[in-house]
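>>> make a model of this:
(one chain, ligands or ions: 1)
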Amino acid sequence: MDIDAVISLLTVKTFVVGFTTFLLVMSYLQRKKYKLPPGPPQLPILGSYFAFRNDGRLYSVFTKLGKSFGDIFSVDLGFGHTVVVLKSADIVHEALVEKKETLAGRGVRTWKYELFSGGNRDIIFSDYGPVWRLQKRMALKAFRTYVASNKLETFTRSAFDEIAALIEKETEPFDMHVYMRLLIFNIVCRMAYGKIYKINEPEFVWLNGVMDESLGKVFGSIIPSDVIPVLKHVPIPSSLSAKRLLQGLIDFQKVQLEGHKRTLNLGEARDIMEQMLLLKEELTAESDDDVKESLSDLRIIHTIMDIFFAGIQTTSDTLVWMILYAADNPKVQSKIHEELDSLGDDFCDLRQCKTKLPYCEAVQREVMRMRPAGPVAIPHRAVCDTKLGGYDIPKNTLIFANIWAIHHDPKNWESPDVFKPERFLNKDGSLKELDKKTWLPFGSGNRKCVGEALARTNIMTFLILFFQQFEVSFPPGQKPDFEPAMLELACAPKPQKIIVKKRQ
Ligand code: HEM
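From the prediction side, this is the model:
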């Protein structure tokens with residue numbers, strides 16, 4: 001070994017030993033200064049890696065740890081990156097509702113989220129402040145124009161007709177996944193940037209593939225550069241594929257934006273991207289700087305990225321879960337059919353007839369209770385030092401609310417693992433008032449999901465249209481699999497085949 005190699009080995013060793021010691025001292029000082037929530041042993045650099053070694057699903061690992069460490073505990077996700085996890089309805093309420101200002105920050109955990117959000121310029125990862133507020137308000141207003149008018153129903157009906165025709169052609173048991181994706185793509189992308197797709201259209205196949213690959217390889221698991229940030233500069237396969245996938249999608253949205261600018265019509269906006277561009281047209285030199293920033297090209301692109309990612313996968317996964325639960329529970333399915341059959345001609349205006357469908361609404365609630373699409377929400381950042389459950393929460397700590405644990409807590413729900421829509425109904429069949437402390441698939445407080453009304457309208461409209469025409473079952477001998485796929489933040493069903501028959 002030559003002298004250079006010896007020196008560089010010594011340098012690396014010195015760096016590793018020095019850095020490890022630094023982390024240990026910092027962690028010790030942090031623990032001495034604050035009364036932090038308890039948690040599993042934390043190794044230098046690797047943190048609580050061993051808790052996640054065999055199961056990358058955060059909700060699953062957090063639920064297991066919660067059994068040992070209680071309603072509030074801390075876990076080190078690597079490199080001294082300690083997060084706090086909340087497990088019970090009361091403590092999540094305290095954090096997200098009572099402390100909705102203090103704990104409404106966001107902090108990007110790793111560079112892949114920074115790339116996705118354009119450096120925190122989307123709604124999801126933008127920090128709590130005036131620009132985020134303007135962006136979120138703009139999105140809410142835009143969604144409302146669709147939900148409150150007939151537009152959304154028209155979009156959903158035409159997207160449904162497209163997939164119903166494809167489903168009718170299936171002669172063997174099949175997986176619903178791609179049809180549900182196409183359905184939601186054709187509602188959400190039409191609203192967001194005015195596009196509708198056919199199942200074999202190359203752009204849809206590419207976008208759907210990018211979404212699946214990103215959810216699996218980028219957001220679905222902890223990649224080396226999440227734990228050792230400098231690895232993002234090293235051309236290792238996981239970092240390269242994350243860059244390729246996310247940058248490809250950002251570039252795609254840039255092209256949509258440029259196209260919209262070229263064809264911009266002053267008048268009624270054709271989609272959400274155009275709505276934002278029209279607002280931008282109204283800006284003058286005197287306009288408020290925050291308003292200008294909220295309508296910058298980058299913010300528009302990354303708002304559309306949010307709508308695309310947060311809106312499509314969550315809703316389409318929920319629809320697949322709903323179909324699987326109906327296939328597994330023939331009595332529930334009969335009650336859905338019965339309630340829909342009693343509607344008669346009311347199908348012409350679905351917005352009106354929803355109030356007459358308490359059982360279907362209860363099914364929707366129960367599916368989202370059993371399989372919440374965002375089972376640990378998105379971490380909130382403490383904007384200043386605070387306290388939770390008697391423990392100190394230092395400024396900048398990230399907090400995860402374990403929605404899955406609340407939805408499966410026997411203190412909140414009788415037989416929580418049983419699919420039972422009736423739990424949401426009174427004895428006379430009317431809907432019970434929702435307890436928002438124990439049912440929170442869309443989160444709670446200031447950071448609550450911006451797409452809740454849109455998603456619930458889409459899910460309900462789909463439920464009505466689908467079960468009016470079809471009945472579903474599992475192929476004889478096939479065991480249904482309700483164990484969610486191995487994804488870090490999502491709760492997605494695994495691919496499985498079902499039989500879909502046209503009703504007489
Ligand atoms: C079944 C469907 C859906 C579920 C279960 C769901 C769930 C969630 C959850 C749990 C959060 C995090 C809340 C928190 O941090 O406390 C969230 C945030 C968000 N969701 Fe959804 N979501 C759904 C559909 C949608 C749709 C359709 C859109 C848009 C088209 C959307 C856009 C967003 C955005 C932008 C945020 C970030 C809000 C913020 O940081 O202020 N979601 N969602």
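>>> surely residue 497 touches residue 175?
Yes - in this structure, residue 497 is within contact of residue 175 by Cβ atoms under 8 Å, at 5.6 Å. All C-beta atoms are positioned from the backbone trio N, CA, C, and that covers glycine.
>>> who in the stretch 201-350 of the chain is up against the ligand?
Contact residues, the stretch 201-350 of the chain versus the ligand (Cβ under 6 Å from any ligand atom): 306-307, 310-311, 314-315, 318.
>>> poorly predicted segments of the stretch 151-300 of the chain, please.
Scanning the stretch 151-300 of the chain for pLDDT under 70 picks out the ranges 221.
>>> and the residue of it nearest the ligand?
residue 188 (5.9 Å; Cβ to the nearest ligand atom).
>>> distance of that residue from residue 114?
Residue 188 sits 24 Å away from residue 114, going by Cβ to Cβ, to the nearest Å.
>>> between those two, point out the one with more neighbours.
Neighbour comparison, residue 188 and residue 114: the larger count goes to residue 188, with 25 against 14 (by other Cβ atoms under 10 Å).
>>> in space, what's closest to the residue of the stretch 151-300 of the chain closest to the ligand - neighbours in sequence excluded?
residue 311 (4.7 Å; Cβ to Cβ, 6 or more residues apart in numbering).
>>> need the contact list for the one you found.
Contacts for residue 311 (Cβ atoms under 8 Å, 6 or more residues apart in numbering) come out as 184, 188, 192, 451, 454-455.
>>> SS state for it?
What DSSP: H, G, I helix; E, B strand; the rest coil gives for residue 311 is helix.
>>> ok, what's across the strand from residue 174?
Per DSSP bridges, the residues bridged to residue 174 are residue 498.
>>> surely it touches residue 498?
Yes - between residue 174 and residue 498 there is a contact under Cβ under 8 Å: 7.3 Å.
>>> residues contacting residue 257?
Taking Cβ under 8 Å, 6+ apart, we find residue 257 in contact with 273, 277, 297, 300-301, 304.
>>> how about a cut-off of 6 Å?
Contact analysis of residue 257 by Cβ atoms under 6 Å, 6 or more residues apart in numbering lists residue 301.
>>> sticking with it, tell me its helix or strand.
When elements are assigned from DSSP states H and E, residue 257 belongs to helix 237-262.
>>> repeat for residue 364
Secondary structure assignment for residue 364, by DSSP H and E: helix 358-370.
>>> after that helix, next one along is what?
Sequence-wise, the next helix or strand downstream of helix 358-370 (DSSP H and E) is strand 380-381.
>>> now do that following strand: distance to the chain's middle.
How far strand 380-381 lies from its chain's middle: 16 Å, per Cα atoms, centre = their mean, to the nearest Å.
>>> same check, this time on stretch 145-163
Chain-centre distance of stretch 145-163: 22 Å, with Cα atoms, centre = their mean.
>>> go on, stretch 151-168?
On Cα atoms, centre = their mean, the centre of stretch 151-168 falls 24 Å from that of its chain.
>>> from residue 248, how far out is the residue nearest to residue 188?
Between residue 311 and residue 248 the distance is 19 Å, computed by Cβ to Cβ.
>>> same thing with residue 51?
For residue 51, the distance to residue 248 (Cβ to Cβ) stands at 33 Å.
>>> quick one: contacts for residue 450?
Listed by Cβ under 6 Å, 6+ apart, the contact partners of residue 450 are 136, 139-140.
>>> near the ligand too, which of these?
Filtering those for proximity to the ligand by Cβ under 6 Å from any ligand atom leaves residue 136.
>>> which of the contacts of residue 450 are buried?
Neighbour-count burial (16 or more other Cβ atoms under 10 Å) applied to the contacts of residue 450 gives 136, 139-140.
>>> now, those residues that are in helices?
Among the buried ones among the contacts of residue 450, the members found in helices (DSSP state H) are 136, 139-140.
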